[in-house]
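S.K.: quick one, fold the following:
(chains A and B)
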There are 2 protein chains.
Amino acid sequence: MKTFTDLTEKQLSRTERYSGPLYQVYSDDVLLPNGHTSVREVIEHVDGVAVLPLDENNNVLTVTQYRYVFGKPLLEIPAGKLDPGEDPYTGGLRELREETGAVPGVYESLGRIIPAPGCYSEILHLYLARDLKMETQDLDPDEFLNVERIPFDEMVRRCMEGEVEDAKTVAAVLKAKILLGL
Amino acid sequence: MKTFTDLTEKQLSRTERYSGPLYQVYSDDVLLPNGHTSVREVIEHVDGVAVLPLDENNNVLTVTQYRYVFGKPLLEIPAGKLDPGEDPYTGGLRELREETGAVPGVYESLGRIIPAPGCYSEILHLYLARDLKMETQDLDPDEFLNVERIPFDEMVRRCMEGEVEDAKTVAAVLKAKILLGL
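M.R.: Reported below is the predicted structural model:
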């Protein structure tokens, strides 16, 4: 089995390939540990936040929205991009409130995940929200999603059996199951 | 709380923004459920596969490689892109063998996850591999990674406490914990 003492790849140059409203795409020439050069394609995307909201009856507040890339609606936990300069803690509370109307009395970190470490720069911060007070939902005029309450056990089953496919939802639900002993 | 009976977004047109070795980027004009139009940025990326290899002493074979986008090495389970026309089952066995040298006697699906449903088309198929026979690793000349055996309990702890950040690794480890009752 090979082992390497230095895995570092050094940037030699960067070329912007696309700049859009959601992300920028670059291709970089890099120097590999063996002295060869290669190309790394990089998608620079802002970080995001996702919140697992659990009500007093151990239901999860889920959000179903159409995911255009996959041509179907997906069931997920509330989530979104951080606003410029916004910290993840505050961003999670904002997204939870906007998408579901829920305001938690108990709110704690479930850590952070990197969805696609190979080429996509987003880091997703996960939170668990409990002791929910329901206030008003605040969707953008062009935002379409349906909120549903699903028993936590049923969410675990759907994650385990692959019915829930969204990675952040799987990670947050299974982390919460182990953390809370549910 | 608003509810919507039809969440579908219809493609009106597609413009290619970038085509690279790993993915293509498109921006599509779409028709929203309320009749407005909007733009969806789409990254078309081939699907991938990730395998959680568990040895007879309940150690996970992990792979640490430099993740250029994040400027640091990340600890992950073996994974990779599917070759053209390759089915996920076979691709997982191939990636596992190439990256770690392991060939499993027991190999089962852990479902599939969508890493970033908002804009990135990759679907990741997850497998659990046990009863491992060690054969020879087969890395590309320009592939640099270190394989390590880490106790399963320690991997669960690292996933729970956020030391393991890679989403597919978190999902696979926690699914295996619940599935196997470890």
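
S.K.: can we go C-alpha only for contacts and neighbour counts from here?
M.R.: Noted.

S.K.: please name the bridge partners of the residue nearest to the spatial centre of chain A.
M.R.: In chain A, the centroid-proximal residue (C-alpha atoms, centre = their mean) is residue A:124; its distance is 4.3 Å. With DSSP bridges as the criterion, residue A:124 is bridged to residue A:48, residue A:113.

S.K.: that one and residue B:21, how far apart?
M.R.: 26 Å (C-alpha to C-alpha, to the nearest Å).

S.K.: host element of residue A:98?
M.R.: Taking DSSP states H and E as the definition, residue A:98 sits inside helix A:88-100.

S.K.: mean confidence score for that helix?
M.R.: Mean pLDDT, computed over helix A:88-100, is 98.

S.K.: which helices and strands sit right next to that helix?
M.R.: strand A:48-53, strand A:59-67, strand A:79-81, strand A:102-113, strand A:124-134, strand A:145-151 (3 or more C-alpha pairs under 8 Å, 6 or more residues apart in numbering or on different chains; DSSP states H and E).

S.K.: and those, which is most packed in?
M.R.: strand A:48-53 (a mean of 27; mean count of other C-alpha atoms under 10 Å in any protein chain shown).

S.K.: what sits up against it?
M.R.: Strand A:48-53 is contacted from outside by A:60-62, A:77-82, A:88, A:91-93, A:95-96, A:102, A:122-130, A:132, A:168-169, A:172-173, using C-alpha atoms under 8 Å, 6 or more residues apart in numbering or on different chains.

S.K.: nearest to residue B:11, of the helices and strands packed on helix A:88-100?
M.R.: Each of those was scored for nearness to residue B:11 using C-alpha to C-alpha, and the closest is strand A:59-67 (12.2 Å).

S.K.: distance from the chain centre to that closest one, please.
M.R.: Chain-centre distance of strand A:59-67: 13 Å, with C-alpha atoms, centre = their mean, to the nearest Å.

S.K.: name every strand pairing with the following helix or strand past that strand and say which way it goes.
M.R.: Next in sequence after strand A:59-67, counting helices and strands by DSSP H and E, comes strand A:72-76. Next to strand A:72-76 in the sheet, as set by DSSP bridges, lie strand A:59-67 (antiparallel).

S.K.: return the alpha-carbon coordinates of the partner strand using CSV.
M.R.: What follows is strand A:59-67, C-alpha atoms only, in CSV (Å, rounded to 0.1, in the frame of the first residue of the first chain):
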residue,chain,number,x,y,z
ASN,A,59,-42.7,15.3,14.2
VAL,A,60,-40.2,16.8,11.8
LEU,A,61,-41.3,19.8,9.8
THR,A,62,-40.3,19.0,6.3
VAL,A,63,-40.2,21.1,3.2
THR,A,64,-41.1,19.6,-0.2
GLN,A,65,-40.0,21.7,-3.2
TYR,A,66,-39.4,21.1,-6.9
ARG,A,67,-35.8,20.4,-7.6
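
S.K.: what angle sits between that strand and helix A:88-100?
M.R.: 80 degrees (axes from the mean of the first three to the mean of the last three C-alpha atoms, to 10 degrees).

S.K.: who touches strand A:59-67?
M.R.: Here strand A:59-67 has contacts from A:52-55, A:72-78, A:99-100, A:144-152, A:155, B:7-9, B:117-118, using C-alpha under 8 Å, 6+ apart.

S.K.: swap in 6 Å and give it another go.
M.R.: By C-alpha atoms under 6 Å, 6 or more residues apart in numbering or on different chains, the list of residues contacting strand A:59-67 from outside reads A:53-54, A:72-78, A:145-152, B:7.

S.K.: cool, stretch A:71-79 as well?
M.R.: A:49-52, A:62-67, A:96, A:169.

S.K.: so residue A:67 bridges to which residues?
M.R.: residue A:72.

S.K.: repeat for residue A:30
M.R.: residue A:11, residue A:38.

S.K.: that one touches residue A:14, doesn't it?
M.R.: No. The criterion here is C-alpha atoms under 6 Å, and residue A:30 misses it with residue A:14 at 9.0 Å.
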